[in-house]
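Undergrad: Provided below for reference: sequence and predicted model.
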Amino acid sequence: MKLSVERLFGRDVDVIEFDQRLHLRDELADRYPEGVRIAAAVRPMEHGVYIEGVVEGKEVETCARCLEPFVRDARVDIAEAFSEDVPAADAPFSDVAPLVGREIDVNELVEQLLEVDEPIAAVCEQGCRGICPMCGANRNREQCECRDTRIDERLAGLAKFMQEPGAK
Ligand SMILES: [Zn+2]
Ligand SMILES: [Zn+2]
């Protein structure tokens, strides 16, 4: 979706408000199968425009501990300036985005914001018990019979320490 902000450069219009659902592309379409909702207002500033609002959606994530899919409520604030004074080539280095053709590419803006918002290790619940490293059982659902070898290793280390000469 491209939004023309040409109207804000005249004297008649001082805000463009919109509230709509966006369908995303590629990998984001898989993560947000229902798309996202964007509600925002665009206002003029000197030589450009300022957009403020929020993006909301239900993101399908994979839990970093138990590897099960779950749905996360994603919500990202929008507060972005676009200026005609910023050359397009400077975009990666500038806090202010270039305004080209008096149009905002709303999809591109939303996709960038959602990429930044992506958690590094999302978990389905804070108390998720993960999978057993021995048998792969989901420990949220079942209690397997595997022994916790980490404790055994620690005890083995302690036993070795006790046997070393001069340890006492
Ligand atoms: Zn989990
Ligand atoms: Zn197990």
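TA: Perfect, I can see it now. None of these values were measured; they are calculated from a predicted model. Ligands and ions are numbered 1, 2, ... in the order given.

Undergrad: which parts of this protein sit against ligand 1?
TA: Counting by CB under 5 Å from the ion, the chain comes close to ligand 1 at 63, 65-66, 124, 128. No exception for glycine: its C-beta is placed from N, CA and C like everyone else's.

Undergrad: how many other residues sit next to Gln126?
TA: Using other CB atoms under 10 Å, Gln126 has 5 other residues around it.

Undergrad: Could you do Cys124 as well?
TA: A total of 20 residues lie near Cys124 under the criterion other CB under 10 Å.

Undergrad: Now for it: which residues touch it?
TA: Contact analysis of Cys124 by CB atoms under 8 Å, 6 or more residues apart in numbering lists 61, 63, 65-66, 68, 70.

Undergrad: okay, the residues you listed in CSV with pLDDT and neighbour count next?
TA: Formatted as CSV, these follow (pLDDT from 0 to 100; neighbours: other CB atoms under 10 Å):
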residue, pLDDT, neighbour count
Glu61, 93, 18
Cys63, 96, 20
Arg65, 95, 18
Cys66, 96, 20
Glu68, 95, 14
Phe70, 96, 15
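
Undergrad: Next, the distance between the ends of stretch 3-23.
TA: 15 Å (CA to CA, to the nearest Å).

Undergrad: go on, stretch 82-90?
TA: For stretch 82-90, the end-to-end distance is 12 Å (CA to CA).

Undergrad: And stretch 74-90, by the same measure?
TA: Start-to-end span of stretch 74-90 (CA to CA) is 30 Å.

Undergrad: swap in stretch 127-145?
TA: The first residue of stretch 127-145 is 21 Å away from its last residue (CA to CA).

Undergrad: before we move on, what about stretch 6-18?
TA: 15 Å.

Undergrad: Could you check that stretch and say which residues are buried?
TA: Buried positions in stretch 6-18, judged by neighbour count with 16 or more other CB atoms under 10 Å: 8, 16.
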